[in-house]
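Visitor: show me the folded form of this:
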Amino acid sequence: MEKLKKTFKNNKKAVLLTLFLMAGTALGFAQTATGFGIKGGLNYNANGDYFESIGSNAKNPDRNVGYHIGVFGKIGSQVYFKPELVYTSTKSDYDDDSFKMQKLDAPMLVGIKVLGPVSVFGGPSFQYILDTEFDGIAINDVKNDFTVGLNFGIGLNLNKLGIDLRYERGFSDNEATFLNNNNINTSRIDTRPNQLILSLSLIL
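Guide: Here you go, the predicted model:
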């Protein structure tokens with residue numbers, strides 16, 4: 001098992017590239033199948049606890065509003081597959097400090113119509129962290145740039161226009177660590193997404 005973990009870590013970029021190529025292929029196929037479109041909206045976000053130093057009490061984050069924009073494909077009608085590729089920017093507040101994060105998300109969603117234009121959906125979301133910043137200081141030491149989360153929610157589709165509300169949560173611990181102002185004590189923030197996402201979409 002340890003050898004498998006080491007192999008995955010060494011080939012993380014290759015795995016990431018493969019996943020996003022899969023997303024791109026699915027999006028390309030969707031363009032010739034049911035539909036292809038653009039989407040954007042708001043994220044009501046809160047990352048995990050912030051620990052000022054090892055052994056200290058945790059600070060709970062205040063939720064804040066971020067945003068996302070991206071593209072998606074949709075294959076099928078009553079039951080459908082909906083791959084997405086989305087750029088997301090979020091911010092969490094810890095007292096007077098802010099933690100900002102930008103990432104690429106590739107949700108792979110399966111949905112089903114339940115009542116007229118209303119559908120429910122869910123599936124994994126593959127995430128790649130592009131950049132993190134705490135109180136104006138860039139953080140380079142993130143445990144895993146590549147993580148997996150879960151999306152599920154409800155959507156309403158009226159012809160080419162759609163709106164959906166979903167919840168996203170990261171599966172595993174993923175911390176960003178950095179030095180405090182005294183450059184001695186290590187602080188850390190749980191970077192797992194924990195957010196509500198409201199999206200407006202348009203099939204082109």
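Visitor: could you pull out the strands for this structure?
Guide: 35-45, 50-51, 58-59, 64-76, 79-94, 97-115, 118-134, 137-138, 141-142, 146-158, 161-170, 175-179, 186-190, 194-203 (DSSP state E).
Visitor: got these as CSV, with mean pLDDT and mean neighbour count columns?
Guide: The way it works is simple: take the backbone N, C-alpha and C, and place the C-beta from them, glycine included. Converted to CSV, these look like this (pLDDT from 0 to 100; neighbours: other C-beta atoms under 10 Å):
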stretch, mean pLDDT, mean neighbour count
strand 35-45, 92, 18
strand 50-51, 65, 20
strand 58-59, 65, 14
strand 64-76, 92, 19
strand 79-94, 91, 20
strand 97-115, 91, 18
strand 118-134, 90, 18
strand 137-138, 63, 10
strand 141-142, 66, 16
strand 146-158, 92, 17
strand 161-170, 93, 18
strand 175-179, 68, 17
strand 186-190, 73, 20
strand 194-203, 93, 18
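Visitor: does residue 47 touch residue 98 like I think?
Guide: No: using C-beta atoms under 8 Å, residue 47 is not in contact with residue 98; the gap is 10.7 Å.
Visitor: what is in contact with the two at once?
Guide: Between them, residue 47 and residue 98 share these contacting residues under C-beta atoms under 8 Å, 6 or more residues apart in numbering: residue 92.
Visitor: quick one: contacts for residue 149?
Guide: So residue 149 contacts 124-125, 127, 168-171, 192-193 (C-beta under 8 Å, 6+ apart).
Visitor: then residue 155?
Guide: The contact partners of residue 155, by C-beta under 8 Å, 6+ apart, come to 111, 118-121, 162-165.
Visitor: let's go with 6 Å and repeat that
Guide: Applying C-beta atoms under 6 Å, 6 or more residues apart in numbering to residue 155 gives the contacts 119, 164.
Visitor: please report how far residue 113 lies from residue 119.
Guide: 5 Å (C-beta to C-beta, to the nearest Å).
Visitor: re the thing from before, and of the contacts of residue 149, the nearest to residue 87?
Guide: Closest approach between the contacts of residue 149 and residue 87, by C-beta to C-beta: residue 127, at 11.3 Å.
Visitor: show me what the closest one is bridged to.
Guide: Beta-bridge partners for residue 127, by DSSP bridges, are residue 105, residue 147.
Visitor: and if you look at the one 5 residues further on?
Guide: Partner residues in beta bridges with residue 132, using DSSP bridges, are residue 101.
Visitor: ok, now residue 118?
Guide: Residues in beta-bridge contact with residue 118 (DSSP bridges): residue 115, residue 156.
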